[in-house]
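>>> Need the 3D shape of this:
(one chain, ligands or ions: 1)
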Amino acid sequence: MKEIGHWINGKMVAGTSGKFADVYNPATGEIQARVALASEAELAQAIADAEKAQLKWGATNPQRRARVFMEFGRLINAHMDELAELVSREHGKTLPDARGDVQRGLEVVEVCMGLPNLLKGEFTDSAGPGIDLYSMRQALGVVAGITPFNFPAMIPLWKMSPAIAAGNAMILKPSERCPSTALRLAELFKEAGLPDGVLQVVNGDKLAVDGLLDSETIQAVGFVGSTPIAQYIYGRAATNGKRAQCFGGAKNHMLIMPDADIEKAADALIGAGYGAAGERCMAISVAVPVGQETADKLVAALLPRIEKLKVGPYTAGEDIDFGPVITKASQERILGLINSGVDQGAKLVVDGRDLKLQGYENGFYVGATLFDDVTPDMEIYKQEIFGPVLSVVRAGNYEDALQLVIDNEYGNGTAIYTADGDTARDFASRVNVGMVGINFPIPVPLSYYTFGGWKKSAFGDLNQYGPDAFRFYTKTKTVTARWFSGIKDGAALNFKALD
Ligand code: NAD
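Numbers count the residues shown, from 1 in each chain. Predicted coordinates for the structure are as follows:
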């Protein structure tokens, strides 16, 4: 059985704890490797080595650090297909989708190429008589990144890139379900010129995470994952005096107004609801058509599109629409939630429960599922399903639809489809959600903006990537400097004239 270890001090090393987790191929259901789970001692050594490496990296001038990112970006591009294959093999998403996963991470690397500009401080000349005031952004030291399974390239790149660009060292703990992509990225980062020890990829479970949260050396924790774990990590990191930003789960709604182009809205819902088997924190899982007529037209437009969707392994060609979900447990949970929807009275319009793929009977597949007449008291509405299940909640009018989104405990993303600019503006202004799409289903901001949800979708301060990430990963120091006048009067720098 293939063993996956850690990336420590610029090398792949085997784990020494004797503890492992199985890594599945979700497309076939087979165990394809086992990943080492770090012990406390392994983690402590990785942190201590990172602390030494950071001193030199933090003192390297910003332009030189930026050049490492330029080369890293080039290498990621050159290895795009290989990285995408690594993503698909452990995650199960299609190859085009996996390339998107790498691409959206690469875009954050591209922003880091301009790091000298992003790290510039501020200066006020003559804030008082002879007084100058200036601020500088300094690295924190060693920071931690803890990432989920669903974007094995993008989210590790979101974490490691700004942190390291700002002069920190990072301990990255990727998801134990998809560990290989982060390790390969670390190898490419070294090839690009990153000094050993600045990025340590430590695989592990709760033990390693708790070790990071309790370490006195770790200055900040950037987490992405489910809401209960985000809340737990935020609490423990903050209690230990660390900076923490912890991004959690989601339940994203899309409003479809009576004046919307129904065909376009249906196309958008298919991609946003079923792409990546619904395993995206920005997936649309709730469609909210306004008015019965809009709802009837929308469901009628969705049906033929869903019937055409092709589910299969990533190896079956580029026309596969989505692959399996991540684990057997996840598949069973999703099927259980679909059953609960039926039991609680939702109308099951398309049933994805019995999907069987010839030759892949043990893969973790769930077919595209559509519920109509869903109400907010049902489990399928209350829980983040994280599977290919779309719920239609019918709303009588715009205010009721908006209120539904406002009342939801999550606030990651939302969208509205309408032909009316006034409605769209009102929605964007009043909705209490971090990322809003107007006739745009998955509004993940580009890398020079920032990404972050509201309510239970994020705990802590500042967003991921973009300018916020540089604020999160640096401390501001402000200097007030006074130089007394008179010294220059005393010095005789002029040629003395002969007496
Ligand atoms: P998860 O919470 O199970 O795991 C995330 C990380 O936390 C992993 O590295 C895991 O090893 C670690 N972890 C798990 N249980 C832990 C525990 N008890 N103590 C300490 N650490 C623990 O999440 P997941 O299933 O890998 O990812 C899916 C979730 O991530 C979804 O809820 C999705 O919405 C969310 N997500 C959010 C965003 C965002 O930016 N808001 C982006 C992507 C995914």
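>>> quick one: the nearest residue to residue 45 once chain neighbours are set aside from the ligand, how far?
Leaving out its chain neighbours, the residue that sits closest to residue 45 by Cβ to Cβ, 6 or more residues apart in numbering is residue 8, at 7.7 Å. C-beta here means a position set from N, CA and C on the backbone, and glycine is covered the same way. Taking Cβ to the nearest ligand atom, to the nearest Å as the measure, residue 8 falls 18 Å from the ligand.
>>> Quickly find the element holding the closest residue to residue 1 other than its chain neighbours.
Closest residue to residue 1 apart from its sequence neighbours, by Cβ to Cβ, 6+ apart: residue 34 at 5.7 Å. If you go by DSSP states H and E, residue 34 is part of strand 30-36.
>>> Contacts only, for whichever residue of the stretch 251-400 of the chain sits closest to the ligand.
For the stretch 251-400 of the chain and the ligand, the shortest gap (Cβ to the nearest ligand atom) falls at residue 281, measuring 3.3 Å. Contacts for residue 281 (Cβ atoms under 8 Å, 6 or more residues apart in numbering) come out as 150, 224, 247, 249-250, 412-413, 453, 457.
>>> coming back round to it: quick one: neighbours of the residue nearest to residue 1, just the number.
Counted with other Cβ atoms under 10 Å, the neighbours of residue 34 add up to 17.
>>> same question, residue 447
24.
>>> which residues does it contact?
Neighbours of residue 447 in contact, by Cβ under 8 Å, 6+ apart: 104, 107-108, 110-111, 465-466.
>>> The protein against the ligand: which residues are in contact?
Neighbours of the ligand within the chain, by Cβ under 6 Å from any ligand atom: 146-151, 173, 175-176, 205-206, 209, 224-226, 229, 247-250, 281, 384, 386, 412, 453, 457.
>>> And the contacts of the one helix or strand residue 246 maps to?
Element membership for residue 246 (DSSP H and E) is strand 243-247. The contact list for strand 243-247 (Cβ under 8 Å, 6+ apart) reads 140, 219-225, 230-231, 233-234, 237-238, 281, 452-453, 457-464, 472.
>>> now do 7 Å
219-224, 230, 233-234, 237-238, 452-453, 457-462, 464, 472 (Cβ atoms under 7 Å, 6 or more residues apart in numbering).
>>> could I get whatever helix or strand comes next after it in PDB with only the CA atoms?
Going down the chain from strand 243-247, the next helix or strand is strand 252-256, by DSSP H and E. Provided in PDB are the C-alpha atoms of strand 252-256 (Å, rounded to 0.1, in the frame of the first residue of the first chain):
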ATOM      1  CA  ASN A 252     -26.500  29.400  -0.500                       C
ATOM      2  CA  HIS A 253     -29.800  30.600  -1.900                       C
ATOM      3  CA  MET A 254     -30.500  31.900  -5.400                       C
ATOM      4  CA  LEU A 255     -33.600  34.100  -5.900                       C
ATOM      5  CA  ILE A 256     -35.300  33.900  -9.300                       C
END
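>>> Now the terminal residues of stretch 133-152, how far apart.
Using Cα to Cα, to the nearest Å, the end-to-end distance of stretch 133-152 comes to 43 Å.
>>> still on that earlier bit, distance check, the residue of the stretch 251-400 of the chain closest to the ligand against residue 148.
Plainly put, residue 281 is 8 Å away from residue 148 if you go by Cβ to Cβ, to the nearest Å.
>>> what's the domain layout of the protein?
Using automatic domain parsing, the domain ranges for the chain come out as 2-248+457-480, 252-438.
>>> Look at the closest residue to the ligand within the stretch 51-200 of the chain and say how many residues are nearby.
Per Cβ to the nearest ligand atom, residue 148 is where the stretch 51-200 of the chain lies closest to the ligand, at 3.0 Å. For residue 148, the neighbour count with other Cβ under 10 Å is 24.
>>> can I assume it is in contact with residue 223?
No: using Cβ atoms under 7 Å, residue 148 is not in contact with residue 223; the gap is 8.8 Å.
>>> residues contacting the residue of the stretch 201-350 of the chain found nearest the ligand?
Relative to the ligand, the nearest point of the stretch 201-350 of the chain is residue 225 (2.7 Å; Cβ to the nearest ligand atom). Going by Cβ under 7 Å, 6+ apart, residue 225 touches residue 148.
>>> Quick check on the closest residue to residue 150 other than its chain neighbours: phi, psi?
Nearest non-adjacent residue to residue 150, counting by Cβ to Cβ, 6+ apart: residue 279, 4.8 Å away. As for residue 279, its main-chain torsions (degrees, to the nearest 10) stand at phi -90, psi 60.
>>> To what extent is residue 279 buried, counted in neighbours?
Each residue near residue 279 was counted by other Cβ under 10 Å, and the total is 24.
>>> do the same with residue 154
Residue 154 has 25 neighbours, counted by other Cβ under 10 Å.
>>> Can you check the pLDDT for it?
Listed pLDDT for residue 154 reads 98.
>>> same deal with residue 487?
If you check residue 487, the pLDDT there is 63.
>>> show me the contacts for the spatially closest residue to residue 257 that is not a sequence neighbour.
The shortest distance from residue 257 to any non-neighbouring residue, by Cβ to Cβ, 6+ apart, is to residue 418 (3.9 Å). Residues near residue 418 by Cβ under 7 Å, 6+ apart: 257, 259-260, 424.
>>> Of these, keep whichever come out buried.
Among the contacts of residue 418, those classed as buried by 16 or more other Cβ atoms under 10 Å are 257, 260, 424.
>>> which residues in the stretch 151-300 of the chain form strands?
Using DSSP state E, counting those that start in this stretch, the strands found in the stretch 151-300 of the chain span residues 169-173, 199-201, 218-224, 243-247, 252-256, 284-289.
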